[in-house]
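> Fold the following, please.
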Amino acid sequence: MIHTLTAPARWQQVDLLSDLHLGPDTPGTLARLEKHLAETPAQAVLLLGDIFEVWVGDDARHEPFEAGVVRLLREASTRLDLFFMHGNRDFLVGAALLADAGMSALPDPTVLEAFGQRWLLVHGDAQCLDDKAYQAFRQQVRSPAWQAQLLTQPLAARQALGRQMREGSKAAQARQLMATDLDAEACRALLREVNARTMIHGHTHRPAEHDLGDGWRRVVLSDWDLDAKPPRGDVIRLSAAGLQRLPL
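Here you go, the predicted structure:
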């Protein structure tokens, strides 16, 4: 059964964003997130995965950088309804972090019922079916048994693994993102199953809108990197007027 999130009547605008890849070396991105959360006119913000560059377990939430992000989200949650969907970088986010940050879990996939429409929300990695190696890896690391075993390791060991992932794989990850995309038939099948016309996702870092035929479409969020030259990022805002892409 695919999860459904029904927007309450007080939601007049909903923001969707993904792939911020927050880390100590992206202060501009973190500052832009703080500004957006403080100034958005939306009543709800849905974070569709890879909000953190890497997340090694909820016990890391007390570390200096992570604790700062948690404080920022918790403060925003006093004004906004915040929702979090796991991505391929932060799949180890658990209940403790969500509670401390004032966020609610958003399963992947989720159907958002809002403004008289049904919007299908996913992170996007599960639909990259041509990447067989990644799909095997994804199945492994999403296993509760595998995650439980990893989390028995000391935090320092997991942090070292996270640093290795950040420093040693950026070029390979960029090549992988450019070489893979979501499988069109898998997207159409999922839209058909949930009776939605629009899928919204991140993951690929290639903001665009794709016509899937028969009135279906796939809308891709940008990643965020406000420390890059030129900076990049966007937000998709849903309202009664429809879907609007807002560059940062």
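> Centroid-nearest residue for this structure?
residue 49 (1.7 Å; C-alpha atoms, centre = their mean).
> Can you tell me how far the residue nearest to that residue when sequence neighbours are not counted is from residue 68?
Excluding the flanking residues, the one nearest residue 49 by C-beta to C-beta, 6 or more residues apart in numbering is residue 87, at 2.6 Å. C-beta here means a position set from N, CA and C on the backbone, and glycine is covered the same way. For residue 87, the distance to residue 68 (C-beta to C-beta, to the nearest Å) stands at 20 Å.
> circling back to that earlier point, distance of the residue nearest to the centre of the chain from residue 202?
Computed as C-beta to C-beta, the residue 49 to residue 202 distance reads 6 Å.
> same deal with residue 236?
For residue 236, the distance to residue 202 (C-beta to C-beta) stands at 10 Å.
> Comparing the two, which residue is more hemmed in?
For residue 236 versus residue 202, the count of surrounding residues by other C-beta atoms under 10 Å is larger for residue 202: 30 against 23.
> who touches the nearest residue to the more buried one once chain neighbours are set aside in this structure?
Leaving aside its sequence neighbours, residue 202 sits nearest to residue 18 (C-beta to C-beta, 6+ apart; 2.9 Å). Listed by C-beta atoms under 8 Å, 6 or more residues apart in numbering, the contact set of residue 18 reads 47-51, 85, 87, 123, 201-203, 221, 223.
> Would you report the backbone torsion angles of residue 18?
phi -160, psi 170 (degrees, to the nearest 10).
> Bridged to residue 218, which residues?
Beta-bridge pairing for residue 218 (DSSP bridges): residue 199, residue 210.
> What about this protein, which residue is the most distant from its middle?
Quick read of the chain (C-alpha atoms, centre = their mean): farthest out is residue 214, 27.2 Å.
> Now do the buried residues in stretch 1-12.
By neighbour count on 16 or more other C-beta atoms under 10 Å, the buried set for stretch 1-12 is 5, 7, 11.
> could I get it in PDB with only the CA atoms?
The C-alpha coordinates for stretch 1-12 follow below in PDB (Å, rounded to 0.1, in the frame of the first residue of the first chain):
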ATOM      1  CA  MET A   1       0.000   0.000   0.000                       C
ATOM      2  CA  ILE A   2       1.500   3.300  -1.100                       C
ATOM      3  CA  HIS A   3       1.400   6.000   1.600                       C
ATOM      4  CA  THR A   4      -1.000   9.000   1.000                       C
ATOM      5  CA  LEU A   5      -0.400  12.400   2.600                       C
ATOM      6  CA  THR A   6      -3.600  14.500   2.500                       C
ATOM      7  CA  ALA A   7      -2.900  18.200   2.700                       C
ATOM      8  CA  PRO A   8      -5.000  19.900   5.400                       C
ATOM      9  CA  ALA A   9      -7.100  22.900   4.400                       C
ATOM     10  CA  ARG A  10      -4.700  25.400   6.000                       C
ATOM     11  CA  TRP A  11      -2.000  24.400   3.500                       C
ATOM     12  CA  GLN A  12      -2.200  27.000   0.700                       C
END
